[in-house]
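[1] Here is the input, now give the coordinates:
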Amino acid sequence: MNITKIKTSCLINNYNYAGFLSEAIQSALNQTVQFDEIIIVDDASTDNSMAIIAKFTQETNVKCILKEKNEGQLSSFNEGFLAATGDIIFFLDADDIYEPEYLETALNFYSRRSECDFIFCAYKKFGAVEGIFQTDTVDLDLGYSVIKTLFTGEWIGSITSTLSMRKEIIRKILPIPHIEDWRVRADDCLVWGASLVGAKKFYISKPLVMYRIHQSNQYYNKKSLDIDNNYEYKRFWKRNSLFNYILQKNNFSLPLLLAFTSLNELKTIPFPKVEDFISYLKIIFLFEHNFFWKTKGIILLFSYFLKILMIGKLKTAINNVKYWINPRYVVTWKKFVR
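    Below is the predicted model of the structure:
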């Protein structure tokens, strides 16, 4: 497939990042393969962001949405998505920067792997903190994760600016009406949502995004909130509401044979980890109500584990795995479909 025939949209969300915004927009414009459209959504900034945006609107592929009311990141995602016409949607926070070859690399990946629905990539941290963050040193096919996300809350993705997905996937997620719940960290809606609606996820090991660490960075500075039990408790219910909404929007119902479905989902990962087997073992043991299928499922799971081990496809170590499979998100199953 010719990558130039794949229509692309870049959604830049901005709120009071005038000091960084020009670099972000310029990085999207300076790609080795041009975006078909760059949509800047300004969330009612009170700084001089609008003046900066005005300088770029003369570019033929740059559009802007100027919101009258500040409603947060999810609201900006909603507005940008509704205006986007691309086959693949890319996301960029206004304080981050794309490497020049980011779009070309991602499009080559999408064109080679027609089953790929969702990509996240490694990134470079710069500013107050510097370094490279990689989930792994090689590209990964992460398979499907509907059951794993639904029952364990597993979070398979990365920061906003590393994310892209096909439009047919994102239209099953956005727009989401719960904008007050996700004024910040709305990339959670994209990461969890993509898993729930059946996206096949891939990871690119090359760091193609520059993630700026600074005093106003709301995502990075969320670490101070992690020790706040009240915050995490409220977040648990926000996540439940999000799951309920996405499941009901897509008329999703639980599989009749959970053990069988879990095993089939595991088999979509070409090189599964020990942690993957443990996750599905827990799901089958705790949530498969049919005793026969619970027993058979566990036996089949162990059999498959031995097979993968013997043929050398068991992946035993992943760098920094705690970021994209974050134990903070692993919660006790609660029935989401009412």
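
[2] From now on I want contacts and neighbour counts done on CA atoms only, so please keep to that.
    Will do.

[3] any idea how far residue 173 is from residue 258?
    When distance is defined by CA to CA, to the nearest Å, residue 258 is 24 Å away from residue 173.

[4] So between those two, which is more surrounded?
    residue 173 (23 against 20; other CA atoms under 10 Å).

[5] Assign that one to helix, strand or coil.
    Recorded secondary structure, residue 173: coil (DSSP: H, G, I helix; E, B strand; the rest coil).

[6] wait, doesn't it sit right on residue 246?
    Yes - counting by CA atoms under 8 Å, residue 173 does reach residue 246; the two are 6.3 Å apart.

[7] Can you pull the residues that touch both of those two?
    Common contacts of residue 173 and residue 246, defined by CA atoms under 8 Å, 6 or more residues apart in numbering, comprise 193, 197.

[8] Using the three-state scheme, assign residue 208.
    Quick answer, by three-state DSSP: residue 208 is strand.

[9] show me what contacts the residue nearest in space to the middle of the chain?
    Nearest to the mean C-alpha position of the chain, by CA atoms, centre = their mean, lies residue 191 at 3.0 Å. By CA under 8 Å, 6+ apart, the contact set of residue 191 is 155, 156, 157, 158.

[10] Show me the strands in the stretch 151-300 of the chain, by range?
    163-166, 201-213 (DSSP state E, counting those that start in this stretch).

[11] Each with direction, which strands does the shortest one pair with?
    Meaning strand 163-166. Looking at strand 163-166 with DSSP bridges, its partner strands are strand 88-93 (antiparallel), strand 118-127 (antiparallel).

[12] Among those, show me which one is buried the most.
    Sort the strands paired with strand 163-166 by mean neighbour count, taking mean count of other CA atoms under 10 Å, and strand 88-93 sits at the top with a mean of 24.

[13] tell me how far it is from the chain's mean position?
    Here strand 88-93 shows a centroid-to-chain-centroid distance of 11 Å under the convention CA atoms, centre = their mean, to the nearest Å.

[14] any idea of the mean pLDDT for it?
    For strand 88-93, mean pLDDT rounds to 98.

[15] contacting residues around the very next helix or strand once past it?
    Once the chain leaves strand 88-93, the next helix or strand it forms, by DSSP states H and E, is strand 97-98. By CA under 8 Å, 6+ apart, the list of residues contacting strand 97-98 from outside reads 23, 24, 27, 28, 161, 208, 209, 210, 211, 212.
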